[in-house]
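*Asks:* Pasting a predicted model and its sequence here:
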Amino acid sequence: MKPITLEITILAPMSKVWELYNDPEHITKWHYSTDEWSCTSAENELVSGGHFKYHMEAKDQSFGYDYQGVYEEVMDKSKIIYRLDDGRQVWLSFDSIDANTTKVTKIFEPDPREPEQMQRDAWYEILDRFHKYVENY
């Protein structure tokens with residue numbers, strides 16, 4: 001499967017977008033795809049070689065899992081590359097369009113065991129939830 005690219009434009013300055021994307025306190029408020037889920041905890045060591053772990057859980061507590069991996073490259077307020085524990089790679093870029101607008105691009109290697117469209121939709125829902133969180137924060 002080839003990598004999937006998602007983009008979203010957020011009406012907020014780059015520094016705010018970067019902070020809310022990477023601060024564990026904020027990650028728990030937006031890093032889940034549907035209202036039936038939540039992110040109950042987040043750890044984030046945002047440096048090359050650093051680890052991250054977000055615990056995702058169904059609100060009815062019927063299922064949970066850790067979304068985790070290692071940062072391969074971090075360029076402050078512009079780029080993040082990480083590898084998930086299952087070996088898939090994710091690329092993120094943060095581009096300032098103007099003083100109050102930031103474009104976030106996420107490219108990820110899909111899981112070959114899951115339908116591609118389902119993954120595209122779920123990852124986009126998380127990115128869109130982040131977009132709404134930032135603009136309403």
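*Replies:* Perfect, thanks for sending it.
*Asks:* all strands for the protein, in order.
*Replies:* 4-10, 37-44, 51-58, 64-75, 79-84, 89-98, 101-108 (DSSP state E).
*Asks:* what packs against the first one?
*Replies:* When contacts are defined as 3 or more Cβ pairs under 8 Å, 6 or more residues apart in numbering; DSSP states H and E, strand 4-10 packs onto strand 101-108, helix 116-136. All C-beta spots, glycine's among them, are computed from the backbone N, C-alpha and C.
*Asks:* highest average neighbour count across the ones you listed?
*Replies:* strand 101-108 (a mean of 18; mean count of other Cβ atoms under 10 Å).
*Asks:* And the helices and strands packed on strand 4-10: which comes nearest Lys53?
*Replies:* In terms of Cβ to Cβ, the element of the helices and strands packed on strand 4-10 nearest to Lys53 is helix 116-136, at 15.8 Å.
*Asks:* what sits opposite Val74 in the beta ladder?
*Replies:* Beta-bridge pairing of Val74, defined through DSSP bridges, involves Ile80.
*Asks:* How much space separates it from Ala12?
*Replies:* 20 Å (Cβ to Cβ, to the nearest Å).
*Asks:* do the same with Ser62
*Replies:* Applying Cβ to Cβ to Ser62 and Ala12 gives a distance of 35 Å.
*Asks:* who has more neighbours, these two?
*Replies:* Ala12 (18 against 8; other Cβ atoms under 10 Å).
*Asks:* How about that one: what's its closest non-neighbour residue?
*Replies:* Distances taken as Cβ to Cβ, 6 or more residues apart in numbering put Val134 closest to Ala12, at 4.9 Å, once the chain neighbours are dropped.
*Asks:* coming back round to it: so can I have a markdown table of the helices and strands packed on strand 4-10 showing distance to Leu20 and mean pLDDT?
*Replies:* Below are the helices and strands packed on strand 4-10 laid out as a markdown table (distance: least, Cβ to Cβ, whole Å; pLDDT from 0 to 100):
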| stretch | distance to Leu20 | mean pLDDT |
| --- | --- | --- |
| strand 101-108 | 11 | 98 |
| helix 116-136 | 5 | 97 |
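*Asks:* Show residues contacting stretch 108-118.
*Replies:* By Cβ atoms under 8 Å, 6 or more residues apart in numbering, the residues outside stretch 108-118 that reach it are 1, 3-4, 6, 86, 88-91, 119-120, 123.
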